[in-house]
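A.B. asks: coords below, sequence missing:
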Ligand SMILES: Cc1cc2nc3c(=O)[nH]c(=O)nc-3n(C[C@H](O)[C@H](O)[C@H](O)COP(=O)(O)O)c2cc1C
């Protein structure tokens with residue numbers, strides 16, 4: 001791919017285009033990550049939903065498919081974060097993504113190993129702290145973004161963070177095309193990160209029956225609920241959301257316990273490990289005990305829709321942008337169209353200036 005639109009993010013990540021695919025649990029698999037990076041953007045493996053001791057195999061699987069750089073996204077306060085960091089360092093992974101509970105010691109290990117540290121933040125104060133802790137670039141996700149999300153619109157949060165920190169900002173939440181990329185650049189970002197748009201590609205592992213729910217959704221069908229795991233999550237509203245929203249507190253708790261036990265089985269985490277993680281989460285996110293229990297819901301409910309192909313009983317984390325996406329291109333087609341449209345848009349905008 002001829003390097004046309006180039007920003008400092010391209011140099012930092014070694015990607016031709018300043019476009020990042022975010023770490024989506026159960027979705028950002030080796031196949032998707034490799035296809036994204038091979039297409040000229042930068043993919044992140046979602047390690048939070050893989051048993052830590054299997055993350056190295058997933059990294060090797062990506063490296064078998066592409067020579068281009070990619071990253072690994074994981075939770076720093078979850079059991080096995082050290083195992084994942086060992087794998088990242090051993091396999092020469094280009095970048096690490098993380099969000100809640102940044103850990104200075106673990107970040108220092110990554111930086112000593114030459115890994116680009118790129119956390120995701122949803123508030124200006126978190127971006128300032130992330131920079132102090134050594135972030136090389138920061139993904140700033142505004143309220144339109146999929147999954148756990150804040151309430152400040154992307155356009156406002158990105159420009160606020162650009163003013164507050166000096167490392168490159170990557171805008172996330174609501175992006176899908178070349179016009180969006182140019183808009184993000186005009187807010188001062190060095191690129192965009194996209195989740196939902198890459199979920200809806202040919203190489204995404206999500207079964208068609210589930211992606212159909214995203215493709216059919218209108219903007220008003222994607223909204224925030226706290227009933228999945230106690231925290232605000234943006235989702236495509238489906239039968240499950242309606243059911244949870246109509247349950248009483250006890251019904252929701254019983255539901256959460258069942259799913260937490262299933263997640264333990266799927267990831268191989270022991271009960272003490274899960275408890276430690278839950279307590280850390282309670283401290284870091286200032287959750288009540290019942291919210292912590294509800295947090296056990298999310299991973300298994302996402303797997304039900306994303307892997308098992310049941311969009312009725314599972315939940316559908318989604319950015320608002322799903323409401324305006326109605327196709328499922330290959331990653332190569334998508335990345336090429338973003339590049340072409342961004343370039344065309346920049347040229348058109350330059351026509352607004354007095355011509356020499
Ligand atoms: C299906 C799905 C799963 C997600 N899973 C995670 C996750 O496991 N960890 C995480 O940090 N963010 C997760 N996110 C948030 C994304 O990484 C990203 O920040 C967000 O989707 C950006 O907004 P967009 O969807 O509008 O592009 C998820 C988002 C979606 C849509």
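C.D. replies: Done, it's in. Note that this is a predicted model, so its numbers are computed, not measured.

A.B. asks: how about residue 116, what does it touch?
C.D. replies: Residue 116 is in contact with 12, 13, 71, 94, 95, 96, 136, 137, counting by C-beta atoms under 8 Å, 6 or more residues apart in numbering. C-betas here are computed from N, CA, C, even on glycine.

A.B. asks: one more time with 10 Å
C.D. replies: When contacts are counted by C-beta atoms under 10 Å, 6 or more residues apart in numbering, residue 116 touches 9, 12-14, 42, 69, 71, 93-97, 110, 135-137.

A.B. asks: I'd like to know how many residues surround the residue in the stretch 151-300 of the chain positioned nearest to the ligand.
C.D. replies: As assessed by C-beta to the nearest ligand atom, the ligand sits closest to residue 195 within the stretch 151-300 of the chain, at 2.3 Å. By other C-beta atoms under 10 Å, 28 other residues sit near residue 195.

A.B. asks: before we move on, back to that, go ahead and build a PyMOL selection from the buried members of the contacts of residue 116.
C.D. replies: Listed next is the PyMOL selection for buried residues among those, using 16 or more other C-beta atoms under 10 Å:
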select buried, resi 9+12+13+42+69+71+93+94+95+96+97+110+135+136+137
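
A.B. asks: Thought residue 71 was touching residue 84, still the case?
C.D. replies: No: counting by C-beta atoms under 10 Å, residue 71 is not a contact partner of residue 84; they are 11.8 Å apart.

A.B. asks: so what sits against both of these two?
C.D. replies: 45, 47, 93, 96.

A.B. asks: Return the member of the residues you listed nearest to residue 229.
C.D. replies: residue 47 (18.9 Å; C-beta to C-beta).

A.B. asks: residue contacts, the closest one?
C.D. replies: Going by C-beta under 10 Å, 6+ apart, the list of residues near residue 47 reads 23, 25, 28, 54-55, 58-59, 71-75, 78, 80-81, 83-84, 87-88, 96-98.

A.B. asks: Which ones among those residues also lie next to the ligand?
C.D. replies: Among these, the residues lying close to the ligand (C-beta under 6 Å from any ligand atom) are 23, 25.

A.B. asks: Which ones among the contacts of residue 47 lie within helices?
C.D. replies: 55, 58, 59, 81, 83, 84, 87, 88 (DSSP state H).

A.B. asks: Pull up the per-residue confidence for the last one.
C.D. replies: Read it as residue 88. Looking at residue 88, its pLDDT is 98.

A.B. asks: Tell me how many other residues crowd the residue in the stretch 201-350 of the chain positioned nearest to the ligand.
C.D. replies: Nearest residue of the stretch 201-350 of the chain to the ligand: residue 319, at 2.3 Å (C-beta to the nearest ligand atom). Close neighbours of residue 319, defined as other C-beta under 10 Å, add up to 32.

A.B. asks: got the phi/psi numbers for it?
C.D. replies: Dihedral pair for residue 319: phi -80, psi 160, per degrees, to the nearest 10.
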